[in-house]
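Peer 1: Provided below are the primary sequence and the corresponding predicted coordinates.
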Number of protein chains: 2
Amino acid sequence: MTRNKTAVVAVSGGMDSCVTAAIANQNYNLAFAHINYGQRTEKRELKAFTDIADYYKVEKRLVIDFSHFAKIGGSSLTDSRLEVTKADLTNKEIPSSYVPFRNANILSACTSWAEILNASAIFIGAVYEDASGYPDCRPQFFEAYEKMIDLGTKPETKIKIETPIIHFSKSEIVKKGLEIGAPLDLTWSCYQNEDEACGVCDSCAFRLRGFAQAGVDDPIMYKVRPKY
Amino acid sequence: MTRNKTAVVAVSGGMDSCVTAAIANQNYNLAFAHINYGQRTEKRELKAFTDIADYYKVEKRLVIDFSHFAKIGGSSLTDSRLEVTKADLTNKEIPSSYVPFRNANILSACTSWAEILNASAIFIGAVYEDASGYPDCRPQFFEAYEKMIDLGTKPETKIKIETPIIHFSKSEIVKKGLEIGAPLDLTWSCYQNEDEACGVCDSCAFRLRGFAQAGVDDPIMYKVRPKY
């Protein structure tokens, strides 16, 4: 099969973006973008990005440094004075890890790159249903973003925003990843630690519960491995 | 007068953003954001930003480094292998200085900051009518952007995108700036040089023609000062 379409994939290094990349890989040439934004686990996430890019033999890679999030503050992910809250999977409020308008910042950089690469899609592993209520993970947000791209780029530029796992639960993401051979062992999700995943932050909790519900063991190392 | 509203103003250091800041200053507390994006005249523009911020006694300042534009390339402003084209004020094509989707990148960072500051508006000095045909300067682009913000931020966040000079000609911008005391002598527009403005790039040409049509002398220094 000769592929003539390119997709920019926003790859944080987490499980969601890994499975999203695996889905994009079925129909597109891949270009991987990664954002450092001053989050606590920046180095570990970059390693996961590189490992996943190597796995898929992706040549086009863009690592973007967004230092402004750390300057702006307001999120426990980028402001060391704020505590990363322990998971409360029943909480419906916006958690302290919310980085304001993060996905819009990521997509704007990906769109600039996509326009230069003549890519026809941007894949982003946003999850709405089962996830933590970030407003910039809503399906309507991505629809509005795609319209805005149409108006803000050259007339010949047509870029779709693809969110293939937006309605998946974490266990469905795990199952999909296993089904299509996504290298979940290379991913990193923990908000807190860089050596062994903490097991107790929001992100670890959602991940562990997803694996448990899918009936498989999470292949990465945890400091503690509570039952969720 | 007590002001209780805050506006984030995107201040490049050019004439358009300076006049836009002067307009915002009539009704808002100011917060100034500036983007370094690897453009040739980055240092000189940052000086202009600082000078204008000092002039308006703005305390809240955010300097954002967008190194990805230089990595992405494709624009003569950020790619030293491409030549900054000399002005052709009759050209209707997108010029080589076009940085893909630049305004969307700027606005996404400004929106993140605005959400943390509880600002109610973002001012940006985009000009459509008389300017160089960048797609991300269209009024419809900014309308779509504002809708996208509504969907991608917290429910209580309401941020308007204000483009007060979007339908102005350059001479109207000069006149407006003089009328409301904008410090045009502190601004920098040249795409090419950092010491004396070149006088021949697109940006210098539009500026010089604007001053000429307004019937006043441009207070900054030029290497050459052609008649446009």
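Peer 2: Structure's in. What do you need? Numbering: from 1, shown residues only, chains lettered A, B, ... in the order given.
Peer 1: Tell me, how many residues neighbour the closest residue to residue A:13 other than its chain neighbours?
Peer 2: Leaving aside its chain neighbours, residue A:13 sits nearest to residue A:48 (3.0 Å; criterion: Cβ to Cβ, 6 or more residues apart in numbering or on different chains). C-betas here are computed from N, CA, C, even on glycine. Around residue A:48 there are 25 other residues, counting by other Cβ atoms under 10 Å in any protein chain shown.
Peer 1: and residue A:48, helix, strand or coil?
Peer 2: Three-state call for residue A:48 (DSSP: H, G, I helix; E, B strand; the rest coil): helix.
Peer 1: next helix or strand past the helix or strand hosting residue A:105?
Peer 2: According to DSSP states H and E, residue A:105 maps onto helix A:102-117. Following helix A:102-117 in sequence order, the next helix or strand is strand A:121-124 (DSSP H and E).
Peer 1: name the element residue A:33 belongs to?
Peer 2: strand A:29-36.
Peer 1: Please, which helix or strand holds residue A:64?
Peer 2: If you go by DSSP H and E, residue A:64 is part of strand A:60-65.
Peer 1: so does that strand get close to chain B?
Peer 2: Yes: contact of strand A:60-65 with chain B (Cβ under 8 Å from any Cβ of the partner chain) involves A:62, A:64, A:65.
Peer 1: Just among those, which is most surrounded?
Peer 2: Neighbour max across the residues of strand A:60-65 next to chain B (other Cβ under 10 Å) = residue A:64, 22 neighbours.
Peer 1: Tell me the bridge partners for it.
Peer 2: residue A:35 (DSSP bridges).
Peer 1: Correct me if wrong: it contacts residue A:109.
Peer 2: Yes: if you go by Cβ atoms under 8 Å, residue A:64 and residue A:109 touch, sitting 5.1 Å apart.
Peer 1: joint contacts of the two?
Peer 2: Contact criterion Cβ atoms under 8 Å, 6 or more residues apart in numbering or on different chains; residues shared by residue A:64 and residue A:109: A:33, A:35, B:68.
Peer 1: so which of those comes closest to residue B:215?
Peer 2: Closest to residue B:215 out of these is residue B:68 (41.7 Å), distances taken as Cβ to Cβ.
Peer 1: Look at the closest one and say how many residues are nearby.
Peer 2: Neighbourhood size, residue B:68 [other Cβ under 10 Å]: 23.
Peer 1: can you pull the contacts of the closest residue to it other than its chain neighbours?
Peer 2: In this structure, residue B:68 finds its nearest non-sequential neighbour in residue A:64, 4.3 Å apart by Cβ to Cβ, 6+ apart. The contact partners of residue A:64, by Cβ under 8 Å, 6+ apart, come to A:33, A:34, A:35, A:36, A:109, B:67, B:68, B:71.
Peer 1: okay, now the last one: neighbour count?
Peer 2: One way to gauge burial is a neighbour count; for residue B:71, by other Cβ under 10 Å, it gives 16.
Peer 1: Could you do residue A:138 as well?
Peer 2: Based on other Cβ under 10 Å, the number of other residues close to residue A:138 is 17.
Peer 1: Quick one: residues contacting it.
Peer 2: Residues counted as contacts of residue A:138 (Cβ under 8 Å, 6+ apart) are A:128, B:151, B:152.
Peer 1: so who does residue A:34 touch?
Peer 2: A:10, A:11, A:12, A:13, A:45, A:46, A:49, A:61, A:62, A:63, A:64.
Peer 1: Distance-wise, check the last one relative to residue B:225.
Peer 2: Distance from residue A:64 to residue B:225, counting by Cβ to Cβ, to the nearest Å: 39 Å.
Peer 1: same thing with the second one?
Peer 2: Counting by Cβ to Cβ, the gap from residue A:11 to residue B:225 is 50 Å.
Peer 1: out of those two, which sits in the busier spot?
Peer 2: Between residue A:11 and residue B:225, counting by other Cβ under 10 Å, residue A:11 is the more crowded of the two (31 against 16).
Peer 1: Residue ranges in chain A under the pLDDT threshold?
Peer 2: A:1-2, A:74-97, A:130-132 (pLDDT under 70).
Peer 1: didn't residue A:186 look like it was pressed against residue A:52?
Peer 2: Yes: using Cβ under 8 Å, residue A:186 is in contact with residue A:52, at 5.4 Å.
Peer 1: okay, and the common contacts of these two?
Peer 2: residue A:18.
Peer 1: higher neighbour count, the two?
Peer 2: For residue A:186 versus residue A:52, neighbours defined as other Cβ under 10 Å are more numerous around residue A:52 (27 against 20).
Peer 1: The more buried one: what's it in contact with?
Peer 2: Taking Cβ under 8 Å, 6+ apart, one finds A:11, A:13, A:17, A:18, A:21, A:32, A:183, A:186, A:187 in contact with residue A:52.
Peer 1: The residues you listed into JSON lines, with extra columns for secondary structure and distance to residue B:164?
Peer 2: Listed next are those as JSON lines, based on DSSP: H, G, I helix; E, B strand; the rest coil; distance: Cβ to Cβ, whole Å:
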{"residue": "A:11", "secondary structure": "coil", "distance to residue B:164": "39"}
{"residue": "A:13", "secondary structure": "coil", "distance to residue B:164": "42"}
{"residue": "A:17", "secondary structure": "helix", "distance to residue B:164": "39"}
{"residue": "A:18", "secondary structure": "helix", "distance to residue B:164": "45"}
{"residue": "A:21", "secondary structure": "helix", "distance to residue B:164": "42"}
{"residue": "A:32", "secondary structure": "strand", "distance to residue B:164": "39"}
{"residue": "A:183", "secondary structure": "coil", "distance to residue B:164": "50"}
{"residue": "A:186", "secondary structure": "helix", "distance to residue B:164": "49"}
{"residue": "A:187", "secondary structure": "coil", "distance to residue B:164": "46"}
